[in-house]
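Colleague: predicted model, plus sequence, below.
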Amino acid sequence: MTHSAPRTKTIQGSEDVIDTALRFLSRARTRIDICTKTLSPTDSDAMEMFVRPLLEAKQRGARLRLIGNVTKTDLGVLDRLVRESELRHLGTVNSYFGVSDTEFLGVPGTGDLI
């Protein structure tokens with residue numbers, strides 16, 4: 001088996017960050033662990049953009065674990081995710097990160113990403 005050397009890449013601009021996050025979700029095979037400030041982006045299209053690949057990963061057999069600040073505004077997305085993932089509330093989250101079976105994705109800051 002060939003292993004490539006670990007690499008770190010810095011991405012700038014919301015479009016590149018979103019594209020990278022979606023690739024991260026689509027490549028996960030066995031697990032996705034995400035810590036996020038919000039589970040519901042303010043834009044419903046953005047919410048669907050991130051929820052769909054999470055549910056597709058679940059269909060591929062990946063285990064989903066999400067931790068974040070759960071609020072009343074998250075109720076719309078929670079009913080979809082609570083059946084398919086382990087979901088935990090943590091009141092203070094100020095950055096976003098995820099770990100899959102092969103990758104780590106970190107997004108510092110306080111923007112509205114899942």
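Modeller: Here it is on my side, so go on. Residues are numbered from 1 along each chain as shown.
Colleague: by mean pLDDT, which helix or strand of the protein comes out lowest?
Modeller: helix 75-81 (a mean of 71; mean pLDDT, DSSP states H and E).
Colleague: so, low pLDDT: which residues of this structure?
Modeller: When the per-residue scores of the chain are filtered using pLDDT under 70, the ranges that remain are 1-5, 38-47, 73-77, 109-114.
Colleague: which elements pack onto the stretch of helix or strand residue 19 belongs to?
Modeller: Element membership of residue 19 [criterion: DSSP states H and E] is helix 14-27. Judged by 3 or more C-beta pairs under 8 Å, 6 or more residues apart in numbering; DSSP states H and E, helix 14-27 is in contact with helix 44-59, strand 95-100, strand 104-108. (C-beta placed from N, C-alpha, C; glycine too.)
Colleague: list the strands paired with the last one, with their directions.
Modeller: Which is strand 104-108. For strand 104-108, sheet partners with direction are given as strand 95-100 (antiparallel), following DSSP bridges.
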